[in-house]
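S.K.: Give me a 3D structure for the following:
(one chain, ligands or ions: 2)
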Amino acid sequence: NTIISKIDINNIDENELKKQAELLKEGKTVIFPTETVYGLGANALDENAVKKIYEAKGRPSDNPLIVHIYNKDEVYNLAKGINEKAEIIMKHFWPGPITIILNKKDIVPYKTSGGLETVAIRMPSHLIAREIIKQAGVPIAAPSANISGRPSPTKADHVYEEMNGRVSGIVLGGDSNFGLESTVIDVTTETPMILRPGSITKEDLEKVIGEVLIDPSLAKKEDNDKAKAPGMKYTHYSPDADVYIVSGDERDVIDKINSLVEKNKEDGLKTGVMCLEKNKHNYKGEVLSLGNSLEEVASNLFDALRQMDKMKVDIVYSEEFPTSGLGQAIMNRLLKSAGYKTIKA
Ligand code: TXA
Ligand code: MG
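M.R.: Numbers count the residues shown, from 1 in each chain. Ligands and ions are numbered 1, 2, ... in the order given. Take a look at the predicted model:
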């Protein structure tokens, strides 16, 4: 049985969090909110504790974990050969939604790094996450707190429904701020490379460190097994429904989706549509607005995919979003949840 703590972000009960931090100290697993998505944490330096993360998620253990730290000094205990660009990223964006890949020190077990010589490190800004890591007194390995392959949890209900009974503790602390997982950037190479796009964009990074590459294998399904972040090659963010992205001019997309909805209905299939708020009234079917701005789309996307499952739709069509700025991260997650299936309107 899982110990549940409900925490109000505006009035954090430190004693309640202490109970959860105790579990982490004992080598157990605790789910807590972060500014990106909820994380499923355990002591990153304890192999047995880390093993429990993989078990709770049903995750392949060659998929490395992100190590979450409370203050920046900790990075020097975990990693070596930290270069100037890494320092600049940490200075500008920590605490916050970016994870950096560095060469690991021996103290980081291979169970945590998925057998790699590198380690992913992030200093979250979420006040509940920070308090838990601080009280635990150890770095905390934490992947997104979903069953492997499912959309990452961005709301308290998501973790409660999916993970209650699978972990020792759960901290319910409201909605995540950004709703997509952190940007992952490898700074061990000559030119830093984004391995997973997130809300800190390529454009944001280039302003402070100059040229940044994006792992080319993220763009195409065929190249996915070449992805440099091992986690990017697995099926991901998948609701039970079959997802398609419909691309083209706005008017054509609306007509195309509506005709597909009609056809599916004749075939006895229930169809969901995900779109911008402004287009909502144009669609037939089970329509979910993702919001008006890219920020809203990012924060609503995973919840919308979960809602589609609740409505038991068979097929989901989503509008397409731009592939620059925050759109890069949104389209990365959307393409993965669609298994890269797109329809040209
Ligand atoms: O926002 C986030 O990053 C959330 C919250 C909880 O912090 N965590 C998260 O963790 O998304 P996870 O395990 O779901 O995704 C970690 C990603 C995976 O794609 C993994 O392969 C990659 O980071 N990664 C971790 N360590 C790596 C390494 N040493 N080299 C390359 N990729 C690595
Ligand atoms: Mg994940």
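S.K.: Nearest residue to the residue in the chain positioned nearest to ligand 1 in space, please, no chain neighbours.
M.R.: For the chain, the residue closest to ligand 1 is residue 231, as judged by C-beta to the nearest ligand atom, at 2.3 Å. From N, CA and C alone the C-beta is placed, and that goes for glycine too. Once flanking residues are discounted, residue 231 sits nearest to residue 63: 5.0 Å by C-beta to C-beta, 6 or more residues apart in numbering.
S.K.: host element of the one you found?
M.R.: For residue 63, there is no enclosing helix or strand under DSSP states H and E.
S.K.: I'd assumed residue 149 was in contact with it.
M.R.: No: assessed by C-beta atoms under 8 Å, residue 63 is found out of contact with residue 149, at 11.3 Å.
S.K.: Quick one: neighbours of residue 9, just the number.
M.R.: 13 (other C-beta atoms under 10 Å).
S.K.: Now do the contacts for it.
M.R.: Going by C-beta atoms under 8 Å, 6 or more residues apart in numbering, residue 9 touches 33, 127, 128, 173, 174.
S.K.: ok, 6 Å please
M.R.: 173, 174 (C-beta atoms under 6 Å, 6 or more residues apart in numbering).
S.K.: give me the number of residues near the residue nearest to residue 231?
M.R.: 18.
S.K.: where in the stretch 151-300 of the chain is pLDDT low?
M.R.: 222-225, 232-236 (pLDDT under 70).
S.K.: Spell out which residues of it are next to ligand 1.
M.R.: 181, 182, 184, 195, 196, 228, 229, 230, 231, 232 (C-beta under 6 Å from any ligand atom).
S.K.: Wait, the fourth one touches residue 228, no?
M.R.: Yes: taking C-beta atoms under 6 Å as the contact criterion, residue 195 and residue 228 are neighbours in contact, 5.0 Å apart.
S.K.: re the thing from before, inside strands: which ones of the residues of the stretch 151-300 of the chain next to ligand 1?
M.R.: Counting by DSSP state E, those place 184, 195, 196 in strands.
S.K.: Look up which helix or strand residue 300 falls in, please.
M.R.: helix 294-310.
S.K.: List the buried residues for that helix?
M.R.: Buried residues in helix 294-310, counting neighbours by 16 or more other C-beta atoms under 10 Å, are found at 294, 297-309.
S.K.: and that helix, how far out from the chain's middle?
M.R.: 12 Å (C-alpha atoms, centre = their mean, to the nearest Å).
S.K.: Can you tell me what sits against that helix?
M.R.: The contact list for helix 294-310 (C-beta under 6 Å, 6+ apart) reads 151-152, 154, 179-180, 239-241, 272, 274, 288, 290-291, 316, 326-327, 330, 337.
S.K.: Can you tell me which of those are buried?
M.R.: Of these, these count as buried by 16+ other C-beta under 10 Å: 151-152, 154, 179-180, 239, 241, 272, 274, 288, 290-291, 316, 326-327, 330, 337.
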